[in-house]
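A.B. asks: okay, predicted coordinates and the sequence, questions at the end:
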Amino acid sequence: MKKARMTIDILMVMSFHLGLHFRAISAKMKSRMNKAVRTVVAVLFLLIAIYGVYAFIKRGIGDYLLMKEMFAFFDFGESRVRFLLDYAAVMVLAAELAFWVQNGLLMLSSGGPKNRNRSHKYVKSSRGK
């Protein structure tokens, strides 16, 4: 029973971690795609993330993460494809959240939206050399 709970925790942490790498992935893809294709991909990911909110609520994943529900009840009559698509959408949602949280924090640390193109590498560190 603990395995099912830990599986959901690991899924969310893994998805959040993946979202932290979206910045590098999107930088590489930017050079390979024209603007129209990038826009379509961005809208597609946004729609999947919106469906991920629905799947997150429908599946009660928040209750598992907050330990309100200790048992994972699976409907074995449900389609496996639907099950996997729901959890994939929740993964996209978590990755998108990580991406936007990271962008927001980088924007704050670089001095606001006017300097948002500055990479976090170029922001001076407060640590000594």
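C.D. replies: Received the coordinates, thanks. The structure displayed is predicted, hence computed values, not measured ones.

A.B. asks: just checking, what packs against the helix or strand hosting Leu106?
C.D. replies: Using DSSP states H and E, Leu106 sits within helix 80-109. Applying 3 or more C-beta pairs under 8 Å, 6 or more residues apart in numbering; DSSP states H and E, one finds that helix 80-109 contacts helix 2-20, helix 22-30, helix 35-59. C-beta here means a position set from N, CA and C on the backbone, and glycine is covered the same way.

A.B. asks: how far does the last one sit from the chain's center?
C.D. replies: By that I understand helix 35-59. In terms of C-alpha atoms, centre = their mean, to the nearest Å, the centre of helix 35-59 is found 10 Å from the chain centre.

A.B. asks: just give me the neighbour total for Leu44.
C.D. replies: Using other C-beta atoms under 10 Å, Leu44 has 11 neighbouring residues.

A.B. asks: pLDDT score assigned to the residue positioned nearest the centre of the chain?
C.D. replies: Using C-alpha atoms, centre = their mean, the residue of the chain that lies closest to the mean C-alpha position is Ala95, 1.1 Å off. Looking at Ala95, its pLDDT stands at 94.

A.B. asks: Ile48 now?
C.D. replies: pLDDT at Ile48 comes out at 96.

A.B. asks: show me where pLDDT drops low in this structure?
C.D. replies: Counting by pLDDT under 70, the chain contains low-confidence ranges at 1-5, 70-72, 112-129.

A.B. asks: where's Phe56 relative to Lys35, distance?
C.D. replies: Look at Phe56 and Lys35: by C-beta to C-beta, to the nearest Å, they are 31 Å apart.
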